[in-house]
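> Here is my input, please return the structure:
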Amino acid sequence: MANKQSATMAPSLIDLPPNIIMEILVRLPLRTLFLSRSVCKTFLTLTSPNPHFIDLHSSNAAQILLLQRGGANNPSHILSLAEPELDLRSGLYFSPKPLFQLPKMGTSVSLYRTNLREPNNFVLTNSCNGLIYLVRRYARDEHSLVCNPVTNEYLLIPEVDGELGLKTETKSMWLGFSPGTNQYKVMRISRSLINFEFAAQVFVIGPDSWRSIEAVAAPLGAEHSWDLYPIFLNGFMYWLDKSWNGILFFDYEKEIFGDVELPSEFGEEQLRNEQSMSIGVLRGCLCLCFNNFNAQHVDFWVIKKNGNRESWSKDFVVDLVRPVDKPALGRFKPLQVLRSGEIVMLWVENDVICYNPRTKRLKFIGFRWVRSMPIIDVAFTPSFVPLKDTLQVEEVMNRHMRPRYTVHC
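Below is the predicted model of the structure:
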């Protein structure tokens, strides 16, 4: 009887003050946070979007990875999430779970490919401040969308106006943010099908209109294309361009193009092997990686100040012990720095490695559902801020239902 009474009187988590419970919940991994909402009414109430919960979560949110299977040629309509902080505790595999189901727009005749009818699913393009941008590449309408996969909301971006899009081929479209004006913008780079000259247009979300910008002097290489792995950082979009032997950028506030010179130590070998170079973000700074496959190591360079070539510094070198079934060539792209200090990196599309700078140990990570299938991935910080508030628009679309194996948030 005493034992039964003792068990009845045992303290419960929900007996804690609500502010303490919320502090605990916002520190949970995103998948666990979603699941906690179905535990009890208290958890559901505390994690329902409200200004205090949103602010508290924003200050504690850890980066996660968003994945799209199939690559650009056969993109899945499901976006999945992987949480390195959670998955790597239990082994050397990521266990991605479906998070967001993209809307289907039907088939359309490709504008740039003859006699080809294809689904033209939305392709994951880039992330920006917790938002994800996707484009229907090569589709005649070239619709794109901005989504917050956490709140399950999205906004369709209108296609380019007839005069701007007429007789041009879209080479890339990226979402960025202007800190000065507090506006999100889509920047489109196109090439004339008549004189092959580059042009650029900007769509400001809110006013909802496309307009041309001065791009005559823009340093756009002849090989500019969709597959440039752009990086958004502090109001700038960066990408590598082998035609210029450097890093190019677009300033979303001033709406101008520019370039960042590579480290002065870079010589002919590095420039000749551009397929072994990539860029990423490392501890809040622009990072340049070079896979020196002859010397079996990868150099990681970080730049602290834009436009200053001498501010590049070689942060560290990863000695690469390559398994026999892994290629020597390929790009290394930093994806995320874990709380432990370990760095998660992508290698050759669907191989992931984790590097510990302290012990200098390297381990290969797998995906439970990925074998040879290509994937597109971006790192982003999840946000519960409603998309309507983030984009400052009057109306957005809501998917209402999530894909299987996740809990509606």
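> who's in contact with L145?
By CB atoms under 8 Å, 6 or more residues apart in numbering, L145 lies in contact with L102, P103, F122, Y133, L134, Y154, L155, L156, I157. Where C-beta positions appear, they are placed from N, C-alpha and C, glycine not excepted.
> and the gap between the second one and R136?
If I follow you right, that is P103. 11 Å (CB to CB, to the nearest Å).
> Who has more neighbours out of the two?
Counted by other CB atoms under 10 Å, P103 and R136 do not tie: R136 has more neighbours, with 21 against 15.
> would you list every one of the helices in this protein?
Remark: helices assigned in the chain by DSSP state H are 2-8, 18-25, 30-36, 41-46, 51-60, 84-87, 162-165, 268-272, 387-391.
> any idea which of those helices scores lowest on pLDDT?
Mean pLDDT across those is lowest at helix 2-8; the value there is a mean of 53.
> which regions of the stretch 51-200 of the chain lie under the pLDDT threshold?
89-93, 106-120, 161-166 (pLDDT under 70).
> And the strands in it?
Here the stretch 51-200 of the chain has its strands, by DSSP state E, counting those that start in this stretch, at 64-69, 78-82, 93-94, 97-101, 108-109, 117-118, 123-128, 131-135, 144-148, 153-157, 168-178, 183-192, 198-204.
> Check these for me and report the most buried one.
By mean neighbour count, with neighbours taken as mean count of other CB atoms under 10 Å, strand 131-135 ranks first of the strands of the stretch 51-200 of the chain at a mean of 25.
> That strand: partners in the sheet, and parallel or antiparallel?
strand 123-128 (antiparallel), strand 144-148 (antiparallel) (DSSP bridges).
> contacts for the longest one?
Residues outside strand 123-128 that contact it (CB under 8 Å, 6+ apart): 66, 68, 72, 75, 79, 132-137, 144, 173-177, 184, 226, 230-232, 237, 376-380.
> CA atoms only: put it into PDB for me.
C-alpha atoms of strand 123-128 as PDB (Å, rounded to 0.1, in the frame of the first residue of the first chain):
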ATOM      1  CA  VAL A 123      14.000  21.500 -57.100                       C
ATOM      2  CA  LEU A 124      15.600  22.500 -53.900                       C
ATOM      3  CA  THR A 125      17.800  25.500 -54.700                       C
ATOM      4  CA  ASN A 126      19.000  27.300 -51.500                       C
ATOM      5  CA  SER A 127      18.100  28.200 -48.000                       C
ATOM      6  CA  CYS A 128      17.900  31.700 -46.400                       C
END
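> what angle sits between that strand and strand 183-192?
140 degrees (axes from the mean of the first three to the mean of the last three CA atoms, to 10 degrees).
> next one: strand 123-128 to chain centre, how far?
The offset between the C-alpha centroid of strand 123-128 and the centroid of the whole chain comes to 5 Å, using CA atoms, centre = their mean, to the nearest Å.
> That one vs strand 78-82, what angle?
Going by the same axes, to 10 degrees, strand 123-128 makes 50 degrees with strand 78-82.
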